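Engineer: coordinates only, sequence not included:
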């Protein structure tokens, strides 16, 4: 299949996108955004007053905006790229997508942390590195 670039709305994800387009020019690239479903647990009665369908629709609209921005970057690199939105826990969804679509390489951004924690990968990136069926490049 080719290369999977997993993005969210963070600086490391934008850097991963740029790296993926540059390092894998001419390859089949898919840009993936994972929508996290609302947590099933909530405190008190507040959960009853939240329109979870509206929350997910807002998240989907924001995801489309992120992918539109990625498409604009594609034009700068003369890349032909597919985009996908999936719903699930990010690390699990990225690994499952890579497995199900015969991805050869995953590119993902690290967390933008400071202090002692910056030496550690973000939990999503770390899980993808550990469980991916293919090589993973983590961009910071």
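Structural biologist: All right, it came through fine. Predicted model only: the values in this text are computed from it and were never measured. Numbers count the residues shown, from 1 in each chain.
Engineer: for residue 15, what are its contacts?
Structural biologist: Shown in contact with residue 15 (Cβ atoms under 8 Å, 6 or more residues apart in numbering): 109, 139-140. The way it works is simple: take the backbone N, C-alpha and C, and place the C-beta from them, glycine included.
Engineer: ok, those vs residue 50, which is closest?
Structural biologist: The nearest member of the contacts of residue 15 to residue 50, counting by Cβ to Cβ, is residue 109 at 29.1 Å.
Engineer: Find the least confident helix or strand in this protein, judged by mean pLDDT.
Structural biologist: Taking mean pLDDT, DSSP states H and E as the measure, the chain has helix 52-77 as its least confident helix or strand, at a mean of 90.
Engineer: what comes up buried for it?
Structural biologist: By 16 or more other Cβ atoms under 10 Å, the buried positions in helix 52-77 come out as 59, 63, 66-67, 70, 73-74, 77.
Engineer: chain center to that helix, what's the gap?
Structural biologist: 11 Å (Cα atoms, centre = their mean, to the nearest Å).
Engineer: list the helices and strands that helix packs on?
Structural biologist: Packing contacts for helix 52-77, counted by 3 or more Cβ pairs under 8 Å, 6 or more residues apart in numbering; DSSP states H and E, involve helix 11-23, strand 29-35, strand 81-87.
Engineer: Could you export the ones you listed as a markdown table, including mean pLDDT?
Structural biologist: Shown next, in a markdown table, are the helices and strands packed on helix 52-77 (pLDDT from 0 to 100):
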| stretch | mean pLDDT |
| --- | --- |
| helix 11-23 | 94 |
| strand 29-35 | 96 |
| strand 81-87 | 95 |
